[in-house]
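# I would like the atomic coordinates for the input below:
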Amino acid sequence: MSYEDIHHGRAYGLNLAPDVEPAPRWLSQATAAITPFLGRYGLVIAFLILWQYSSKLGWVNASVFPPLDQIIGALWKAVSSGAIVDDIAISLQRSGIAFVAAVGLGIPLGLFMGQVRAVEQALDPLLQFFRQTSALALYPVFILLLGLGEASKVFVIFWATLFPILLSTIGGVKEVDKKLVEMARTYGAGSLQIFRRVVLPASVPAIFVGLRLSATTALLLLIAAEMIGANKGIGFQVMNAQYNFQIPLMFAAILLLALLGLAANAALVLLQRRLCRWA
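Predicted coordinates for the structure are as follows:
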């Protein structure tokens, strides 16, 4: 039977084509819900499954890359027994103090430099020079000046986290639409009102980009700082587990750091959405 026969049959009220039952509604809803999730996290899930079974099946050396169930078990044991709780608190204290100090200095200074061009031109070469100098390369200098105590560890994290916040804030202020500023002046707004109502709200998205970069940098520098001259902290636990060949515990501490970084980033994203609803 040809397509023309079916077409003419339908025209005369004859149902000559085979009936195709529609998919169940629950299946369509489940597919619609799962597809975006798999599109975003499918590769991550596949990587974790490959890690688990490649170790179990002997494709990789399980003593070097233990399966995920052993890593999660070691993490749960360390957290439930309280063996790593103090290290988490100390690490969060170090990175938190440095991050808050960088925010307290970087955002006001960036807002000021972004609006006063003469100050920005005078300080920009010095900022670019120090920004290109690795904080880890300066860490021995900080140890000589501040000792092996908490001050040097906090300061090296502060040094590394300051520049992303500062430069993002300067860039956000300089990218404010000049037409908006001119319009505000046309309607009689003063300098303080322009700053509060135009410049600062328009700079918030760029500032949050710097905050998210700095939060990640704080955790990265935290590990390096705690690997040198520390007897507490998550970074110390990573090195200590590696020295004692407790490989599952070492990966568990690394996994804990990754989870802390994801939590910090998610908190900043949530705060940005609440403060930037207009965007």
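# helices and strands of this structure: which one bottoms out on pLDDT?
Lowest on mean pLDDT, DSSP states H and E among the helices and strands of the chain sits helix 3-11, with a mean of 48.
# which is the succeeding secondary structure element to it?
On the C-terminal side of helix 3-11, the closest following helix or strand by DSSP states H and E is helix 25-56.
# in the next helix or strand after that following helix, which residues are buried?
With elements assigned by DSSP H and E, the helix or strand that comes after helix 25-56 is helix 68-80. Applying a neighbour-count criterion of 16 or more other Cβ atoms under 10 Å, one finds 68, 70, 71, 74, 75, 78 buried in helix 68-80. C-beta coordinates here come from the backbone N, C-alpha and C atoms, glycine included.
# other SSEs contacting helix 68-80?
Secondary-structure packing of helix 68-80 (3 or more Cβ pairs under 8 Å, 6 or more residues apart in numbering; DSSP states H and E): helix 25-56, helix 247-275.
# next one: the last one to chain centre, how far?
Centroid separation between helix 247-275 and its chain, computed with Cα atoms, centre = their mean, to the nearest Å, is 7 Å.
# buried sites along it?
Buried-residue list, helix 247-275, by 16+ other Cβ under 10 Å: 247-254, 256-257, 260, 264-265, 268, 272.
# just the closest of the residues you listed to residue 178, please.
residue 272 (24.4 Å; Cβ to Cβ).
# let me see the contact set for that closest one.
For residue 272, the contacting residues are 204, 205, 208, by Cβ atoms under 8 Å, 6 or more residues apart in numbering.
# report pLDDT for it.
Note on residue 272: pLDDT of 82.
# now swap in residue 26 and tell me
pLDDT at residue 26 comes out at 64.
# same check, this time on residue 177
77.
# and for the nearest residue to it once chain neighbours are set aside, the neighbour number?
Nearest residue to residue 177 in three dimensions, chain neighbours excluded: residue 202, at 7.1 Å (Cβ to Cβ, 6 or more residues apart in numbering). Residue 202: 18 surrounding residues under other Cβ atoms under 10 Å.
# right, and residue 257 touches residue 237 too?
No. The criterion here is Cβ atoms under 8 Å, and residue 257 misses it with residue 237 at 9.8 Å.
# could you list the low-pLDDT ranges of this protein?
For the chain, the stretches with pLDDT under 70 are 1-30, 32-33, 37, 229, 277-279.
# closest to residue 38 out of the buried residues of helix 247-275?
For these, the nearest to residue 38 is residue 265 (21.7 Å; Cβ to Cβ).
# residue 231 in helix, strand or coil?
coil (DSSP: H, G, I helix; E, B strand; the rest coil).
# who touches it in this structure?
No contacts exist for residue 231 under Cβ under 8 Å, 6+ apart.
# now it: phi and psi?
Residue 231 adopts backbone torsions of phi -120, psi 10, taken as degrees, to the nearest 10.
# from residue 67, how far out is it?
30 Å (Cβ to Cβ, to the nearest Å).
# returning to that earlier point: narrow the contacts of residue 272 to those in helices?
Counted as lying in helices by DSSP state H, out of those, are 204, 205, 208.
# run a quick neighbour tally on the first one.
If I follow you right, that is residue 204. For residue 204, using other Cβ under 10 Å, the count is 16.
# repeat that for residue 131.
Residue 131: 14 neighbours (other Cβ under 10 Å).
# can you check residue 174 too?
Residue 174 has 15 nearby residues by other Cβ under 10 Å.
# and for residue 172?
24.
# list the buried residues in the helix or strand harbouring it.
Using DSSP H and E, residue 172 falls within helix 150-174. Buried residues in helix 150-174, counted by 16+ other Cβ under 10 Å: 152-173.
# now do that helix: which elements does it pack against?
helix 85-115, helix 117-131, helix 135-146, helix 200-226.
# give me the buried positions along the shortest one.
The one in question is helix 135-146. Result for helix 135-146 [16+ other Cβ under 10 Å]: buried residues 135, 138, 139, 142, 143.
# now tell me what touches that helix from outside.
Contacts of helix 135-146 (Cβ under 8 Å, 6+ apart): 152, 155, 156, 157, 159, 160, 221, 224, 225, 228, 229.
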